[in-house]
Each structure stands twice: as C-alpha cells, then as structure tokens.
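**Q** Task: produce atomic coordinates for the following.
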Amino acid sequence: MSASYRRRIAEGDREYSSGRFHSAAVAYEGAAADAEVPRDRNDARYRAAMACRRVGDRACTERLLSLVTGEGSDWEHRARARLQLAVMGLDSTVPSEIAAAHRSLAALVEEAPDTGPARGALRLRLRALDAEIPIRSAAITWLGSLAANPRIQNSLMIESVLAERAIRIEATGDPVAAETAWLAVVEFVPYPDNSHWDDGHFALARVQRAVGRPRDALATLARMLAVREVSWGNGSYAAPRFDDGAMLAAEILRDDLDEPRAAADAFHRVFSEHRTSLRRDNALWEEAALRRKDDLVGACVVWRTLLVEFPCQRFARRAVSEMAACPGLQAAAPVCPGRD
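**A** Okay, here's the model as predicted:
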C-alpha cells in the first residue's frame, strides 16, 4: 500500500466526514488510481461511489459501482457493489429497471450466499414479494427453491432461508406444515452453529402447544435449554429466547397440564437460572401466585425475594400488600426515586 494511496484515502475520509462528498469522491478516485493491488482499488472506488451517491450523482455512482463489479474484482467488494446497484434499481420509476433489480437481488443470494450483502438482498427480495402477494405463496416457493439449492445448503444463508420460510408457512395457518418447517430450522444445522436454535425451538413449541400437544412442546423447550452453558464469569451463555422458552415451559405446566408445583418450580428457574432476563420479577410473581394455594410460607418467601431483588419494580409493590397475609412478616412499600 503506497504512501500516496494512504494519503488520498485519509483525505477522502476527512472530506466525507465533513459532508464535502464531491471532494471526497475526487480524493477516493485519486486513491484508486494510486492503488497497487486490486482489492485496494476496489475499496477506493466503492468509497467514491458512496460519496457520489450522497450528492445525488447517479451516473457517477453507477459508473464506479460497475467498475467494482467487473472482472477481477474481489468477491467482497463485488457483492457490496451488486447490492448497491440493485437498491438503486429498486428506486427507479422504470418497470424494466425495477424488474432487473429484483433479478439481481435473487442472483446475488444464489451466487454469493456467504456474504453479508447477500443476506441484505434476501431481506429486500422477500419484502417485495410479501408486498406484491400478501398470502406469501411466491416467497414460500422461492425460499423452498433456495433451500433445495446445494450451494445455499452449504452456506450460512441456509439458516435464514429456512427460518424465513417457516415464518411464512406458519402465517398460512397450516400447523402441520408449520411444524415441519420449524423442525427443518432446528435440525438442518446443529448447535452451536445454528443461530436460530432458540427462536426455532420456541416457535416449534408454540405450534405444538397450539395443536394440543403440550408434552411435545415441553420436550422441544427442554431440548432448546439443554445447550445452556455456565460461563467462566457470572451467569451463562444465553441466547435471546432462552428465558422466553423457560417461561413458556412454566406456563404450559400451569395452564395446559395442571401441574402447579412443577410450574412453580419452573417459574423459579427463570429467576434463578436466567440472570440477565428482564422477566425474572414476573416469574417470581407467577411462582408466588401458585405457591400461595397450598404453601403460604413458600409464597411469602418469594414475595420477600421480590422486595429485596426488585424493590422498584411493579411486582414488588404488589408483593407488599400480599405480605399482609404472611405470619410474622411485615413489609413497607419501597422508597423509589421519582415515585410517590
């Protein structure tokens, strides 16, 4: 990387950050001329294209992006440039240009599935298909063809393809097809490589519960939560849906299977095992409501925990009034700044 290339890139960055986009584009194009390797040349041209776009110079933007997508371009910058060209096509008022942009998005997904721009292309293409055909049949068909594509199957894109397909199939109201689709999400890619492990299992359990199979839903949630690992520090490595899954399991035990003691224990595990969850106070409140029926002392302990752990949350204030029934325990409403 030559000194002149670095100098011109730095100049372009300063001009861009100051809002002088035309000057930035000139500096970046100068850097492209000074580049010694294709990757640096592509990066400078892409930066220049984005600067031209900021000033509304469509011809400049398209010229530079087309150079980046040309023969010999590295795959990363080529994919980014292809996505930007497609986005510009979507903004067109010419039907043929819009149609060509959609073909470009689909081609980018199929030809470069391991790139970030391809995931952006997938989202844009699905948004358009969903808007054109509200029943989502066209999107489901396209996603099905992608899922059957060996190139997609061997890429990171397969997770998103399967999940987007399952979401749309579930929206059709067919629970059997939805269960099959969500099973594919959680089974095709094993944990820990599957970024949809938690939301896939949660959705699958929700479908199983809706069709009257609560035991299967519990087994699905147990499978999801079984992969939780204790961290070296406090807490554990938790996926976003882990606490939701634990709450859903407790609700199924309470509402579907009429097992109040097991449900109370399950609610308590949300509090004790999911230390970063925002639902811990909710879980304690639900636990206390169940224990109160045949274990007032146990309920009092839980209410007391609510006051100690979450003094300024809504359930703590409710716990104060409930503790009037607790023998030998008195509680005053917590003093919280900004509240009367």
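**Q** Need the per-residue pLDDT for residue 12.
**A** For residue 12, the model assigns a pLDDT of 96.
**Q** all helices of the stretch 201-340 of the chain, in order?
**A** Counting by DSSP state H, counting those that start in this stretch, the stretch 201-340 of the chain has helices at residues 214-225, 242-251, 260-273, 280-291, 296-309, 314-322.
**Q** got the CA positions of stretch 175-193 in PDB?
**A** The C-alpha trace of stretch 175-193 is given here as PDB (Å, rounded to 0.1, in the frame of the first residue of the first chain):
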ATOM      1  CA  PRO A 175     -50.000 -26.200  11.700                       C
ATOM      2  CA  VAL A 176     -48.700 -29.400  10.200                       C
ATOM      3  CA  ALA A 177     -46.700 -27.700   7.500                       C
ATOM      4  CA  ALA A 178     -45.500 -25.100  10.100                       C
ATOM      5  CA  GLU A 179     -44.200 -27.800  12.400                       C
ATOM      6  CA  THR A 180     -42.400 -29.500   9.600                       C
ATOM      7  CA  ALA A 181     -40.900 -26.200   8.500                       C
ATOM      8  CA  TRP A 182     -39.700 -25.200  12.000                       C
ATOM      9  CA  LEU A 183     -38.300 -28.700  12.500                       C
ATOM     10  CA  ALA A 184     -36.100 -28.100   9.500                       C
ATOM     11  CA  VAL A 185     -34.800 -24.900  11.000                       C
ATOM     12  CA  VAL A 186     -33.600 -26.600  14.200                       C
ATOM     13  CA  GLU A 187     -32.400 -29.900  12.700                       C
ATOM     14  CA  PHE A 188     -30.600 -28.900   9.500                       C
ATOM     15  CA  VAL A 189     -27.900 -27.000  11.200                       C
ATOM     16  CA  PRO A 190     -26.700 -28.400  14.600                       C
ATOM     17  CA  TYR A 191     -26.000 -26.300  17.700                       C
ATOM     18  CA  PRO A 192     -23.800 -24.200  18.300                       C
ATOM     19  CA  ASP A 193     -23.600 -23.300  14.600                       C
END
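**Q** what's the spacing between it and its chain's center?
**A** What separates the centre of stretch 175-193 from the centre of its chain is 16 Å, taken as C-alpha atoms, centre = their mean, to the nearest Å.
**Q** again, but for stretch 16-33
**A** Stretch 16-33 sits 34 Å away from the centroid of its parent chain (C-alpha atoms, centre = their mean).
**Q** send the alpha carbons of that stretch over as CSV?
**A** Output in CSV follows, covering the C-alpha atoms of stretch 16-33 (Å, rounded to 0.1, in the frame of the first residue of the first chain):
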residue,chain,number,x,y,z
TYR,A,16,-16.6,12.6,3.7
SER,A,17,-17.0,13.1,7.5
SER,A,18,-17.2,16.8,6.9
GLY,A,19,-20.0,16.5,4.4
ARG,A,20,-17.9,17.5,1.4
PHE,A,21,-18.9,14.5,-0.6
HIS,A,22,-17.8,15.7,-4.0
SER,A,23,-14.3,16.4,-2.8
ALA,A,24,-14.3,13.1,-1.0
ALA,A,25,-15.2,11.3,-4.3
VAL,A,26,-12.3,13.1,-6.1
ALA,A,27,-9.9,12.0,-3.3
TYR,A,28,-11.1,8.4,-3.3
GLU,A,29,-10.8,8.2,-7.1
GLY,A,30,-7.3,9.5,-6.8
ALA,A,31,-6.6,6.8,-4.3
ALA,A,32,-7.9,4.2,-6.8
ALA,A,33,-5.5,5.4,-9.4
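**Q** Show me which parts of it are buried, residue by residue.
**A** 16, 20-21, 23-32 (16 or more other C-beta atoms under 10 Å). The way it works is simple: take the backbone N, C-alpha and C, and place the C-beta from them, glycine included.
**Q** what does stretch 220-231 rub up against?
**A** By C-beta atoms under 8 Å, 6 or more residues apart in numbering, the surrounding residues in contact with stretch 220-231 are 191-192, 197-198, 201-202, 204-205, 208, 236-238, 241-242, 245-246, 248-249, 252, 273.
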